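# sequence-free structure coming up:
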């Protein structure tokens, strides 16, 4: 065994290769199982799952740029509030910019939600509709609490 | 002949190792970068719930938060319906925007109140909190803009 180190190196190197490939395989398998689970429970098919990923990714990118505009205006508002005599037009403009960004974000989120609904399985949509009825009840109870609180405030003021 | 085969195998295996290590390093770097990006995104959330700065306007804050939740849920419900009325969608988004506008005015009014705190030991921490909330530099001298016109000209 003159060249035992050669064999040792070969065994080690092949071991590293096998280990890396095994880890890669296990991870791919887990991802596959998770995707299968989503396809079984949530989305219509694998193409829909890929589309869902793309939609979320696009929305995240768009939101990120909108958020930067929002924070620029927010910093401006924060700075104006600490000034001696802030220009009221500048304050109004900063708030207006923040609101416009919010409006774009509401609209983008609404559109995303509509597109996602189209990719979902009918059973999942039905489940969501049940949730929706619960929300409606929650909104009614919040409104009822609000009206009771408003009436109590009115009595206090009188 | 046998040794040549071993050399060949070893060379191929080492080349494979190099490729694998490169791929692992690049994917680890990309994952790290993505995590940093997502942390940065989370650091600046959209609707950071307004904390009761200085304990001012708690009722207005509560009212606006409640109204926002109601309008937001309504928007979600419209999104879930088969054929939402565009006018209703526009109306609910207008409501949300109006609530946001009121909220920002309230935030601004709260910021203005800081200037009227007479006790400097109370004013300084409130100003720091304000600067943190509005993402301004904490050092007040650095954040304060230079006057547009100097008193000497």
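Great, that's in hand. What you are looking at is a predicted structure, and each value in this text was computed from that prediction instead of being measured.
# and the next element down the chain from the one helix or strand residue B:10 maps to?
Element membership for residue B:10, per DSSP states H and E: helix B:2-43. Per DSSP H and E, the first helix or strand lying C-terminal to helix B:2-43 is helix B:58-80.
# what lies in contact with that next one?
Helix B:58-80 has contacts (C-beta atoms under 8 Å, 6 or more residues apart in numbering or on different chains) with A:106, A:110, A:113-114, A:117, A:125, A:128-129, A:132, A:135-136, A:138-139, A:142-143, A:146, B:47, B:49-50, B:52, B:84-85, B:88-89, B:92-93, B:95-96, B:99-100, B:102-103, B:106. From N, CA and C alone the C-beta is placed, and that goes for glycine too.
# which elements pack onto the helix or strand that it is followed by?
With elements assigned by DSSP H and E, the helix or strand that comes after helix B:58-80 is helix B:86-114. Here helix B:86-114 touches helix A:46-82, helix A:88-119, helix B:58-80, helix B:120-133, going by 3 or more C-beta pairs under 8 Å, 6 or more residues apart in numbering or on different chains; DSSP states H and E.
# pull out the buried residues from helix B:86-114.
Applying a neighbour-count criterion of 16 or more other C-beta atoms under 10 Å in any protein chain shown, the buried positions in helix B:86-114 are B:89, B:92-93, B:95-97, B:99-104, B:106-108, B:110-111, B:113-114.
# for it, give the mean pLDDT please.
For helix B:86-114, the per-residue pLDDT values average out at 92.
# for stretch B:30-44, same thing?
For stretch B:30-44, the per-residue pLDDT averages 72.
# in stretch A:80-98, which residues are buried?
A:80-82, A:86, A:91, A:94-95, A:97-98.
# show me the domain layout of chain B.
Domain assignment for chain B by automatic domain parsing gives B:1-44, B:53-137.
# any chance of CSV for those domains, columns distance to residue A:41?
Shown next, in CSV, are the domains of chain B (distance: least, C-beta to C-beta, whole Å):
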stretch, distance to residue A:41
domain B:1-44, 25
domain B:53-137, 18
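# quickly compare the ones you listed and say which is most buried.
With neighbours taken as mean count of other C-beta atoms under 10 Å in any protein chain shown, these reach their highest mean count in domain B:53-137, at a mean of 16.
# now do the domain split for chain A, please.
If you go by automatic domain parsing, chain A breaks into A:1-41, A:45-120, A:122-158.
# among these, which comes closest to residue B:26?
domain A:1-41 (13.6 Å; C-beta to C-beta).
# rewinding a little: show me what the helix holding residue B:10 is packed against.
Using 3+ C-beta pairs under 8 Å, 6+ apart: helix B:2-43 touches helix A:4-41, helix A:46-82.
# what angle do helix A:4-41 and that helix make with each other?
Between helix B:2-43 and helix A:4-41, the angle comes out at 40 degrees (axes from the mean of the first three to the mean of the last three C-alpha atoms, to 10 degrees).
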